[in-house]
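*Asks:* Generate a structure from the sequence data that follows.
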Amino acid sequence: MAAEQSLAPTQVRRMDTGAVTSAAASVRKFVRRKPLGAFGGAVTVLLVLVAVFADLIAPYPALQHSAATLQGPSADHWLGTDQFGRDILSRVIHGARVSLFVGVGVTLLGTIPALLLGLASAYFGGWVDYLVQRLVDAFQSVPYLIMLIAIMVVLGPSLTNVIVALSFRRAIVESRVMRGATMGILNNVYIEAAHATGATNTRIMLRHLVPNIMPTLIVLGSIGFAGVILAEASLSFLGYGVPPPTPSWGGMLAADGRAYMFAAPWMLIAPTLALSVTVFGVNMFGDALRDVLDPRLRGSH
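*Replies:* Next up is the predicted model:
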């Protein structure tokens, strides 16, 4: 017994080391096969780190006014200042926090209802499927931005309402994707076997359907993340998103950025670059993640 107890910690350490080695090998393989996806993953991680540690990274408070108004890039202000003397770099860094908060919030609040709607629509079929799909058709017939603006007019501009508006439409529209993924699994033998053994509908959906469509759910969330960031920037640009003076990339491109686009072009260039690189990186990471997780695409890459 003493010998077995003395070997246990060693075995645990070997298992931990093996897991770390395997994870490192998987990361190296991913970087080698999907370099753009790896770049996108690095951009995504950087976005998270910048958003979380914005207060430590930013050289100045985002709302701090100064006498150095409309000052170009310099040693004191690397990306210049705006018409109120606020540091552009600090506002871009804090704007990443808004983008991350909206992206994560909409992904959670939109994807989970989409999963439930799509799952119920495909599994029960009949009138349930008919009603859900006609609801989806009705919402898809309305232009995306028009619907978002209409919802924001009713709710009012705020960060929470932006998340609610984006989540509402995403839950309705993406439920069709989850319905298709579920219907591709329903005809499998193990689903019929579960019915034959007397398994309840809830158990079949949670035990057999949800785990098998989880890769689709993850990919859907990662790809839609970039679209959510872009949608929030569009709403803020139009004046229906996050209200000032809270820094957001879309808000920085709005009235103030357009008014000073010739006198102080750095006010537009900085948030545009941040938004472009982030959306591109997250899109590339989502595409690579789809190729890795989708079994239909593994053999072709």
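
*Asks:* Could you find the residue nearest the spatial middle of this structure?
*Replies:* Geometric centre of the chain, nearest residue: Phe225, 2.4 Å, by CA atoms, centre = their mean.

*Asks:* burial measure for Asn201, as a count.
*Replies:* Per other CB atoms under 10 Å, the neighbour tally for Asn201 reads 12. No exception for glycine: its C-beta is placed from N, CA and C like everyone else's.

*Asks:* Quick check: closest non-adjacent residue to it.
*Replies:* Once flanking residues are discounted, Asn201 sits nearest to Tyr123: 7.0 Å by CB to CB, 6 or more residues apart in numbering.

*Asks:* Show me what counts as buried in the helix or strand containing Gly251.
*Replies:* Assigned by DSSP states H and E, Gly251 falls within helix 249-252. Under the neighbour-count criterion of 16 or more other CB atoms under 10 Å, helix 249-252 has Trp249, Gly250, Gly251, Met252 buried.

*Asks:* Output the contacting helices and strands for it.
*Replies:* Contacts defined by 3 or more CB pairs under 8 Å, 6 or more residues apart in numbering; DSSP states H and E place helix 249-252 against helix 88-124, helix 210-238, helix 266-293.

*Asks:* Low-confidence stretches in the stretch 1-150 of the chain?
*Replies:* 1-20 (pLDDT under 70).

*Asks:* where do the strands sit along it?
*Replies:* For the stretch 1-150 of the chain, strands defined by DSSP state E, counting those that start in this stretch do not occur.

*Asks:* still on that earlier bit, of all the helices and strands packed on helix 249-252, which one is nearest Thr44?
*Replies:* Nearest of those to Thr44, taken as CB to CB: helix 266-293 at 5.3 Å.

*Asks:* could you say what helices and strands the closest one packs with?
*Replies:* Where contact means 3+ CB pairs under 8 Å, 6+ apart, helix 266-293 is packed against helix 35-52, helix 88-124, helix 210-238, helix 249-252, helix 255-259, helix 295-298.

*Asks:* Out of those helices, the one nearest Ala288 is which?
*Replies:* helix 35-52 (2.3 Å).

*Asks:* Go through that closest one and flag the buried ones.
*Replies:* For helix 35-52, the neighbour count (16+ other CB under 10 Å) marks Gly37, Ala38, Phe39, Gly40, Gly41, Val43, Thr44, Leu47, Val50, Ala51 as buried.

*Asks:* One more: stretch 129-140?
*Replies:* Across stretch 129-140, burial judged by 16+ other CB under 10 Å covers Asp129, Val132, Val136.

*Asks:* For Val27, state which of the residues you listed is nearest.
*Replies:* Of those, the one sitting nearest to Val27 (CB to CB) turns out to be Val136, at 37.8 Å.

*Asks:* Now do the same contact list for the closest one.
*Replies:* Ile172, Val173, Ser175, Arg176 (CB atoms under 8 Å, 6 or more residues apart in numbering).

*Asks:* Tell me which of the helices and strands packed on helix 266-293 is the most buried.
*Replies:* helix 249-252 (a mean of 26; mean count of other CB atoms under 10 Å).

*Asks:* who's in contact with that helix?
*Replies:* 88, 91-92, 95, 98-99, 232-237, 241-242, 244, 267-268, 270-271, 274-275.

*Asks:* sorry, back to before: tell me how far the residue nearest to Asn201 lies from Asn212.
*Replies:* Separation of Tyr123 from Asn212 (CB to CB, to the nearest Å): 13 Å.

*Asks:* Repeat that for Pro143.
*Replies:* Between Pro143 and Asn212 the computed distance is 34 Å (CB to CB).
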